[in-house]
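A.B. asks: Predicted model and sequence below, questions to follow.
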Amino acid sequence: MADRGAAAGGGAIYGLGIFGGLVFFWQQAESFWEYLLAILQGLFWPAFMVYEAFQALD
């Protein structure tokens, strides 16, 4: 049976990335639409970072 502890740790790191992205982009926003965009950027920013990291390994 596989150990699931590593997957939980990876999810926690990814979750912290989402939270950090939300905080960063929220602080940059000044209008309603920028706040809406900040939420989207915060949710998807970690995925782009992981994608870029895999591109760098290639």
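C.D. replies: Looks like it came in fine. As the structure is a computational prediction, the values presented were derived from the model and not from experiment.
A.B. asks: Okay, helices next: where are they in the protein?
C.D. replies: 5-28, 32-57 (DSSP state H).
A.B. asks: Quick one, grab the pLDDT at Leu57.
C.D. replies: What the model reports as pLDDT for Leu57 is 89.
A.B. asks: Now the most centrally placed residue in the chain: closest residue in space, sequence neighbours ignored.
C.D. replies: The centre of the chain sits closest to Pro46, judged by Cα atoms, centre = their mean, with a distance of 2.7 Å. Distances taken as Cβ to Cβ, 6 or more residues apart in numbering place Gly17 nearest to Pro46, at 3.6 Å, with adjacent residues excluded. Yep, even glycine has a C-beta here, placed from its N, CA and C like the rest.
A.B. asks: The one you found: what's it in contact with?
C.D. replies: Residues counted as contacts of Gly17 (Cβ atoms under 8 Å, 6 or more residues apart in numbering) are Trp45, Pro46, Met49.
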